[in-house]
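K.L.:
generate coordinates for the sequence data below:
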Amino acid sequence: MNQKLDRRKFLAGAGGALLALPMLETFAPRVGFADVPAPPKRVLFVFHAHGRPIGNGKNGNDNWSPGTAGALPDSGPISPALEALGPIRDKIVTIDGIDNIVRAATGDPGGHGSAGATALTCAMPIYKGFDHDTATGPSIDYVVGERLRANASMQPSIVFPAQYAGAGYGGYWFRGPGGSPPYKASSRPEQVIEDLFAGIQQPDMPPSATPSLHDRLVSRRVSILDGVAKSFQALRGKLNAADRDRLDQHAEFIQAVEKSLAGGATLPTESCVVPDVGAIPSYAGTNDRGQKDAITTPYQIENVIQALACDITRVAALEFHASYQPVFPSELPNGGKIVSSGWHTLIHGTPSLTSDDADLLTTAFQYFAKSFTKVVQRLEQLTDVDGHPMLDSTLVVWLSDMGYGASHYDWNLPVVMAGMPSAFPNGQGRHVVMNRRTLGDLYAQILRMVGGTDTTFGETGKLGDLSSDPFTSSGMDVTTATPLHMGPIDL
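P.N.:
Residues are numbered from 1 along each chain as shown. Sure thing, here's the model as predicted:
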């Protein structure tokens, strides 16, 4: 027989054969093949240092907590510190009762180093003297990002400094594998646009150059399952329940194989827009204490949101890194004591709600709360690939490195969660009070919320497995028998 074998037909046929074979045993996706693709899951972390801005948690000294468990108030301030979250009160869950147990084993009882090295990693750090602990594990953003990214070329997580680092980037909480430095965007919003969005092609813009053969071939790539979607659906409708399960399982297997071999395709939303560099005003001048934050932070927030909308990354962190002496120009435009004394010093001087500077620090804290509100509102405004708001598929988590910064306590860390309503069976607009849970419990919960089956994160076992003499100056009642995981969080 003199019959030519067309390569493309062969590849298409091979794909069909791969799909057909499993009628013998296994088939796949729980994902239905419809005209509208399911949006990817995303997670955005918002981080500030020093925990709850007022009090030490003793005898009710806390102006962050909404109080008793249950529905948040319909009107009025949620709490003094969280007043700026009022516009999104029905989309958030606030949590009391999360402790950083691992820190008590570090040998660094009073400094920022041990809190910084463990708050997002839950991994035992290397102690190098007071305030100089070195992280040894990846932070939660990197771990969840590795699972959610479309392919190996997508960064698992991108850390966006929320404040322009005129005096240098000061954050050290987010980590990569083995405690390595994270993939960090520039603190200059215009530089971020140049670095991250250069390859984004707007739908209504003509291509800047004739695409190469490689680019044309890549653009034509589709999943094997996409190519046989109609046949797949027709066949699936004729099968009994058991065979449909086999078919679905095999399709899932094929998707996993495709992702391991070549990676999945990115899914930019219809709201993907390259931020406008020209819209960013000049902010030249001194910025060693965040004097330009009122100008730059809103543009950096938009960069984070568009990085998710354009599917440049599916996990990001907005990190407020100028933790010691920011002056909060948006909240305190006239400066005053926040300039002369400093944020860090004032926090240490306010272990009580009646402290002289409690109102001043509460006002300054609204900078973080307003930024979180802006993030949630922008995600709700943008349209995802399925026509729903991006917020529906994006989990937003706001946390800190300490519970009560006034005393460097590491119990009762402030946690606010928003977005992805399907991940909150009990609903949103609530305050949750846990008898006691650990950061490892919280991060395992986050992994489950985006599809994992994890029950632990970071170190496991008991505190005594890490240290024979854990310190208690972190404000926690701990012993060597204290477990590092205490169970799921009731959301």
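K.L.:
show me what contacts Pro333?
P.N.:
Ala294 (Cβ atoms under 8 Å, 6 or more residues apart in numbering). Placement of C-beta: from N, CA and C, glycine included.
K.L.:
so how far is Asp293 from it?
P.N.:
12 Å (Cβ to Cβ, to the nearest Å).
K.L.:
try Val46
P.N.:
Look at Val46 and Asp293: by Cβ to Cβ, they are 15 Å apart.
K.L.:
burial count for Leu332?
P.N.:
18 (other Cβ atoms under 10 Å).
K.L.:
ditto for Tyr127
P.N.:
Neighbours of Tyr127 using other Cβ under 10 Å come to 16.
K.L.:
please name the residues that touch it.
P.N.:
Taking Cβ under 8 Å, 6+ apart, one finds 106-108, 114, 133 in contact with Tyr127.
K.L.:
if you set the cut-off to 6 Å instead, what comes out?
P.N.:
106-108, 133 (Cβ atoms under 6 Å, 6 or more residues apart in numbering).
K.L.:
ditto for Asp141
P.N.:
Contacts of Asp141 (Cβ under 6 Å, 6+ apart): 45, 157, 315, 317.
K.L.:
output the below-cut-off pLDDT ranges for the stretch 301-450 of the chain.
P.N.:
Within the stretch 301-450 of the chain, the stretches with pLDDT under 70 are 322-324.
K.L.:
helices along the stretch 201-350 of the chain, start to end?
P.N.:
For the stretch 201-350 of the chain, helices defined by DSSP state H, counting those that start in this stretch occupy the ranges 213-219, 224-227, 229-236, 241-261, 293-309, 337-340, 343-348.
K.L.:
mean pLDDT for those: which is lowest?
P.N.:
If the helices of the stretch 201-350 of the chain are sorted by mean pLDDT, helix 213-219 sits at the bottom with a mean of 43.
K.L.:
what is the nearest of the contacts of Asp141 to Met434?
P.N.:
Closest approach to Met434 among those (Cβ to Cβ): Phe45, at 19.8 Å.
K.L.:
does that closest one sit in a helix or strand, and which one?
P.N.:
Phe45 belongs to strand 42-48 when assigned by DSSP states H and E.
K.L.:
could you measure from Pro389 over to Val376?
P.N.:
Separation of Pro389 from Val376 (Cβ to Cβ): 10 Å.
K.L.:
cool, and Ser186?
P.N.:
24 Å.
K.L.:
which residues does the longest helix belonging to the chain contact?
P.N.:
Secondary structure of the chain per DSSP state H: the longest helix is helix 358-381. Contact partners of helix 358-381, identified using Cβ under 6 Å, 6+ apart, comprise 46, 48, 53-54, 80-82, 84-85, 87-88, 301, 305, 328, 330-331, 346, 350, 389-391, 394, 396, 398, 418.
K.L.:
any buried residues in that helix, and which?
P.N.:
358, 360-376, 378-380 (16 or more other Cβ atoms under 10 Å).
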